[in-house]
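Student: missing the sequence, but the structure's below:
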């Protein structure tokens, strides 16, 4: 399989003549991701990276940065969330489609959006208490309501729908894969 390394980030999200508003940046990032989809469809294995590869830093410094980032399973989360959000937004507002395009939670409510419904209609309900392994010294009654941005990756199909598929997270709280399976 062919591999394409694509640098994203830096000043590329603000085009010449733009003010750099959130709307402009979102549109620019969306346009950039369209090309990535084309490359994937051509059969490439795509590696997304920060614009660091285009800087004048020495090769050794670049390698050190990438090794540092690669040493943690948590660095890629924001990139995947942005990719998933962009892809699901592209699937939203498609007439007669019942695909779920957004799941979101803010610690008070859990909400979903469905593609074929008019406008920006949300269906919401109360956020639920998180059930799972806890850091040492905490009890279930210490748990808060479900919150976090990663629900968009689950909407897209790459998130850990169940705790047993997220060994990096279970190890963070001191559990094992068997613990995760038992909670799922």
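Tutor: On my side now, so go ahead. If you're wondering where the values come from, they're calculated on a predicted model, not measured in any experiment.
Student: Show me the domain layout of the protein.
Tutor: 2-71, 94-183 (automatic domain parsing).
Student: Pick the most buried one from those domains.
Tutor: Neighbour counts (mean count of other Cβ atoms under 10 Å) averaged over each of the domains of the chain peak at domain 94-183, with a mean of 14. To be clear about C-beta, it is placed using only N, CA and C from the backbone, and glycine gets the same treatment.
Student: Could you work out the end-to-end span of that one for me?
Tutor: 37 Å (Cα to Cα, to the nearest Å).
Student: Centre of the chain to it, how far?
Tutor: How far domain 94-183 lies from its chain's middle: 12 Å, per Cα atoms, centre = their mean, to the nearest Å.
Student: what do you get for stretch 47-64?
Tutor: Distance, centroid of stretch 47-64 to centroid of chain: 22 Å (Cα atoms, centre = their mean).
Student: That stretch spans what distance, first to last residue?
Tutor: 18 Å.
Student: Quick check: mean pLDDT of that stretch?
Tutor: For stretch 47-64, the mean pLDDT works out to 77.
Student: Kindly report the same for stretch 98-110.
Tutor: pLDDT averaged over stretch 98-110 gives 92.
Student: Likewise for stretch 20-40?
Tutor: 76.
Student: and the domains of the chain as CSV, adding distance to residue 86?
Tutor: Shown next, in CSV, are the domains of the chain (distance: least, Cβ to Cβ, whole Å):
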stretch, distance to residue 86
domain 2-71, 5
domain 94-183, 10
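Student: Quick one: closest of those to residue 81.
Tutor: Residue 81 lies closest, by Cβ to Cβ, to one member of the domains of the chain: domain 94-183, at 5.5 Å.
Student: and the residue most central in space within the chain, backbone torsions?
Tutor: The chain has residue 81 as the residue nearest its centroid, 1.3 Å off, counting by Cα atoms, centre = their mean. The phi/psi pair for residue 81 (degrees, to the nearest 10) reads phi -60, psi -40.
Student: Quick check: it vs residue 103, distance?
Tutor: According to Cβ to Cβ, to the nearest Å, residue 81 stands 12 Å off from residue 103.
Student: Just give the closest residue to residue 151, not the sequence neighbours.
Tutor: Leaving out its chain neighbours, the residue that sits closest to residue 151 by Cβ to Cβ, 6 or more residues apart in numbering is residue 103, at 4.3 Å.
Student: how far away is the one you found from residue 113?
Tutor: In terms of Cβ to Cβ, residue 103 sits 8 Å off from residue 113.
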